[in-house]
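Student: Below are the sequence and a predicted model; questions follow.
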Amino acid sequence: MTQSSAFFYGDNLGNIHKSSMKIQSLFINSMVIILMSAALFGCANEQRPSGGPPDKEPPNVISFEPAQMTKNYSADKVTIEFSEYIQKATISENIFITPRLTYELDWSGRFLDIQFTQPLETNTTYTVSLGADYTDLRGNKPTESFSLTFSTGNSIDSGIVKGKIFESMPAGIYVFLYPLNALNKDTLNPSVTEASYITQTGSSGEFTFYALPDGEYRLMTVKDQYKDRLFSLGTDGFGTTWKQVVVNKARSSPTIVRCGEAIDIIAPALYTADPLSQRLLQLDFSEEIDSMFLKPQFFSLKDTNENIIEDIRFTAIYKNAKNTKTVYGILENALDTSKIWKIVCNTDIKDKAGNKIQDSLRSKVFKSIIEIDSTKPFIESISLRDSSKNISLYAEMRILFSTAVDTNVCMRGISLTDTKNNKSQALFFRWLHPAEVVITSEDPLYSYQWYEFELQHKNIRSWNGQRMKDSTQRIRFRTIDSREFGSIKGELYDSLSISGGQYILLLSQKNAGGRTPNQYTRILPKTGDWTMNNIPPGEYILGVFHDANNNGKYDFGTAYPYSFAERFLTNPVSVSVKSRWTVEGVKVFLQP
């Protein structure tokens with residue numbers, strides 16, 4: 001028994017020892033796997049250590065291969081080293097190679113290899129550019145783009161075009177450059193033809209094109225929403241220069257340019273027509289209609305059975321107070337409920353961008369109802385708040401009603417009084433439509449004086465005869481102290497002798513504190529002396545542009561058919577306006 005027991009115990013020790021060895025082996029193997037996985041995971045998820053102040057440092061390129069302006073280059077890749085780890089997904093849309101080459105990207109930490117997948121042309125100058133819209137791991141973007149130029153031959157095209165986009169937020173705007181020596185300038189359409197040279201601006205708005213041959217170029221700025229390196233009319237913002245860019249003996253003049261917003265080119269359409277009562281019809285459009293077309297003569301009714309225009313008129317057309325795409329039409333009489341009706345919009349109706357309504361989408365069929373509308377009117381909003389101060393001497397108040405009102409009766413219930421002298425002021429009423437009015441004083445008001453608008457609610461009578469509750473609403477305000485105003489006197493110079501057009505001076509307030517800055521305008525028929533009076537004290541920026549077509553606004557040019565932009569001042573003048581003081585000798589130069 002003892003031997004047997006001893007033998008049995010020794011055999012178990014051996015098994016236990018073997019099991020222990022297996023467990024150790026499994027443990028070691030598991031740790032190796034865990035450590036390898038952690039290492040791999042760390043490589044795949046490069047990131048800055050947590051803690052410390054937030055990273056706001058913009059990324060930049062700190063080294064590259066080949067060297068700038070290398071000749072006889074024969075390798076099939078370019079290597080770029082960044083100052084920090086980059087969000088790899090943001091790079092691909094920010095690489096520009098001219099002339100165009102296909103390529104693949106290969107990353108190793110902060111190093112990027114741009115591997116060419118097609119042979120380089122002989123005796124050709126290439127430029128590899130990085131736009132300024134890529135980011136580091138914290139979302140910081142570079143302040144400017146980067147370009148690397150090399151040649152496969154013994155010489156390098158050395159022409160340079162430098163410029164700046166003058167916009168408040170220029171980062172990410174694309175710059176297209178087309179060599180006109182190889183293109184037909186009259187048929188060049190950036191919507192179908194990709195530019196030979198493309199770059200992108202950073203927050204500074206500055207851009208540079210290197211390695212250009214001598215010649216004439218067309219430069220365009222594009223807010224490329226699709227990032228397809230083409231201009232999409234109606235989607236992309238656009239701008240261009242006021243003259244062609246010329247590279248002569250490798251040199252060109254500094255280029256200044258702006259970039260506007262996308263232009264609405266889509267025609268409006270009537271979506272639905274729904275009766276809300278016997279005489280009230282709701283019309284829903286695809287976009288806001290210009291208020292000048294909200295008049296009864298632009299709408300008509302047809303009996304669909306007879307297919308003839310009925311002599312049933314609208315007495316008023318007005319917008320919804322909260323949704324400007326919705327329009328209401330008030331009928332002179334109730335419609336026959338046994339008929340099917342069609343409302344037809346006049347072909348001249350336009351949206352706010354000037355696009356005419358679609359011919360195939362300007363009518364809708366509906367069936368009238370017998371309900372009677374007895375809703376009382378009310379005031380949706382008033383632009384002028386009670387007890388307001390520093391109001392312009394040409395006080396303005398905008399009133400928005402819930403429905404169309406009797407304009408004549410309404411005007412008789414609105415007055416403006418000088419509270420110091422108890423004197424009524426003459427008013428001018430500008431009705432945008434029967435539910436919205438802008439009221440201004442016909443003459444300038446006294447400086448630093450309290451006034452009172454009075455609204456008699458009993459005079460606010462809607463189209464259905466309903467009135468507001470009989471009460472009186474008063475809105476007091478104090479005008480600005482014009483004694484504190486200052487003036488600016490100066491002279492405008494134009495380095496070019498241009499006939500026609502006019503000059504528009506724009507004085508904009510600095511440091512508006514998050515509010516829309518005050519802006520003052522002076523139109524000059526020609527260069528020479530000018531004066532701007534009644535300017536509140538403060539810090540301002542003074543700019544100017546040549547309004548070549550006299551339309552009162554800056555034109556950014558057009559992409560196709562092509563037209564130049566208007567000239568503008570590149571370095572706006574800073575002006576400090578002081579109370580009761582005239583700033584003299586302000587010289588404004590409009591350079592080419």
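Tutor: In hand now; what should we look at? Residues are numbered from 1 along each chain as shown.

Student: where's Asn140, which helix or strand?
Tutor: In this structure, Asn140 sits in neither a helix nor a strand according to DSSP states H and E.

Student: Number of residues surrounding it?
Tutor: Per other CB atoms under 10 Å, the neighbour tally for Asn140 reads 17. Every C-beta, even on glycine, is put in place using the N, C-alpha and C of the backbone.

Student: pLDDT value on it, please?
Tutor: Taken from the predicted model, the pLDDT recorded for Asn140 is 93.

Student: now swap in Lys420 and tell me
Tutor: 94.

Student: Check Thr479 too.
Tutor: Listed pLDDT for Thr479 reads 95.

Student: so it touches Leu445, yeah?
Tutor: Yes: between Thr479 and Leu445 there is a contact at 5.1 Å, judged by CB atoms under 8 Å.

Student: who touches both of the two?
Tutor: Residues touching both Thr479 and Leu445 (CB atoms under 8 Å, 6 or more residues apart in numbering) are Leu393, Ala395, Tyr451.

Student: Are we agreed that the last one is in a strand?
Tutor: Yes: when classified by DSSP: H, G, I helix; E, B strand; the rest coil, Tyr451 is found to be part of a strand.

Student: That one: what's it in contact with?
Tutor: Residues counted as contacts of Tyr451 (CB under 8 Å, 6+ apart) are Ala395, Leu416, Thr417, Asp418, Thr419, Gln425, Leu445, Arg476, Phe477, Arg478, Thr479.

Student: Might you report the residue contacts of the nearest residue to the fifth one once chain neighbours are set aside?
Tutor: Read it as Thr419. What sits nearest to Thr419 in space, not counting adjacent residues and going by CB to CB, 6 or more residues apart in numbering, is Trp450, at 4.7 Å. In this structure, Trp450 makes contact with Thr419, Lys420, Arg476, Phe477, Arg478, judged by CB under 8 Å, 6+ apart.

Student: Report the two members of these separated by the largest distance.
Tutor: For these, the farthest-apart pair by CB to CB is Lys420 and Phe477; their separation is 13.2 Å.

Student: So for the two, which sits in the more crowded spot?
Tutor: More neighbours surround Phe477 than the other of Lys420 and Phe477, with 21 against 10 (other CB under 10 Å).

Student: can I assume the more buried one is in contact with Ser392?
Tutor: No: contact status for Phe477 versus Ser392: not in contact, 10.0 Å apart, counting by CB under 8 Å.

Student: Do me a favour and average the pLDDT over stretch 528-545.
Tutor: 93.

Student: got the end-to-end distance for it?
Tutor: In terms of CA to CA, to the nearest Å, the two terminal residues of stretch 528-545 are separated by 14 Å.

Student: Give the buried residues for it.
Tutor: Buried positions in stretch 528-545, judged by neighbour count with 16 or more other CB atoms under 10 Å: Trp530, Met532, Ile535, Pro536, Gly538, Tyr540, Ile541, Leu542, Gly543, Val544, Phe545.

Student: roughly how far out does it sit from the chain middle?
Tutor: 26 Å (CA atoms, centre = their mean, to the nearest Å).

Student: then the helix or strand hosting Thr221 to CSV, C-alphas only?
Tutor: Take DSSP H and E as the rule and Thr221 turns out to sit in strand 215-223. Coordinates of each C-alpha in strand 215-223 appear next as CSV, following Å, rounded to 0.1, in the frame of the first residue of the first chain:
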residue,chain,number,x,y,z
GLY,A,215,2.8,83.7,-71.2
GLU,A,216,-0.7,84.9,-70.5
TYR,A,217,-2.8,83.2,-67.8
ARG,A,218,-6.4,83.3,-66.5
LEU,A,219,-6.7,83.0,-62.8
MET,A,220,-9.9,82.1,-60.9
THR,A,221,-10.8,81.5,-57.3
VAL,A,222,-13.3,78.8,-56.5
LYS,A,223,-15.0,77.5,-53.4
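
Student: For the helix or strand just after it, list the C-alpha coordinates in PDB.
Tutor: Scanning forward in sequence from strand 215-223, with DSSP H and E defining helices and strands, the next element found is strand 237-240. What follows is strand 237-240 as a C-alpha-only set of coordinates in PDB (Å, rounded to 0.1, in the frame of the first residue of the first chain):
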ATOM      1  CA  GLY A 237     -18.400  80.500 -55.000                       C
ATOM      2  CA  PHE A 238     -16.300  82.300 -57.700                       C
ATOM      3  CA  GLY A 239     -14.000  85.200 -58.300                       C
ATOM      4  CA  THR A 240     -11.400  86.300 -60.800                       C
END
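
Student: Now for the residue nearest the centre of the chain: which residues touch it?
Tutor: Per CA atoms, centre = their mean, the C-alpha nearest to the average position across the chain is that of Glu261, at 5.0 Å. For Glu261, the contact set (CB under 8 Å, 6+ apart) comprises Lys223, Gly237.

Student: same check, this time on Thr221
Tutor: Counted by CB under 8 Å, 6+ apart, Thr221 has contacts Ile165, Ile173, Tyr174, Val175, Phe176, Gly237, Phe238, Gly239, Thr240, Val257, Arg258, Cys259.

Student: So the fourth one: helix, strand or coil?
Tutor: Under three-state DSSP, the three-state class of Val175 is strand.

Student: Tell me the pLDDT of it.
Tutor: At Val175 the predicted local distance difference test score is 96.

Student: Next up, the contacts around it.
Tutor: Contacts were defined as CB under 8 Å, 6+ apart; by that measure Val175 touches Gly163, Ile165, Ile198, Thr199, Gln200, Thr201, Phe207, Phe209, Leu219, Met220, Thr221, Val222.

Student: my read: the third one touches Pro99, true?
Tutor: Which is Ile198. No: applying CB under 8 Å as the test, Ile198 and Pro99 come out as separate, 11.5 Å apart.

Student: These two: which is more packed in?
Tutor: Per other CB under 10 Å, whichever of Ile198 and Pro99 has more neighbours is Ile198, with 20 against 12.

Student: one step back: could I get the contacts of Trp450 as a markdown table with distance to Gln519?
Tutor: Conversion of those to a markdown table gives the following (distance: CB to CB, whole Å):
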| residue | distance to Gln519 |
| --- | --- |
| Thr419 | 30 |
| Lys420 | 31 |
| Arg476 | 27 |
| Phe477 | 21 |
| Arg478 | 23 |
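
Student: wait, which of those residues is closest to Asn550?
Tutor: When those are compared for distance to Asn550 (CB to CB), Phe477 wins out at 35.9 Å.

Student: my guess is the closest one is in a strand, correct?
Tutor: Yes: under the criterion used here (three-state DSSP), Phe477 sits inside a strand.

Student: Could you check how far it is from Lys423?
Tutor: 16 Å (CB to CB, to the nearest Å).

Student: And for Glu539?
Tutor: As defined by CB to CB, Glu539 lies at a distance of 37 Å from Lys423.

Student: Look up how far Phe545 lies from Asp524.
Tutor: Asp isn't right for residue 524; it's Leu. As for Leu524, its distance to Phe545 is 11 Å (criterion: CB to CB).

Student: Need the residues touching each of the two.
Tutor: Overlap between the neighbourhoods of Leu524 and Phe545 consists of Tyr503, Ile504, taking contacts as CB under 8 Å, 6+ apart.
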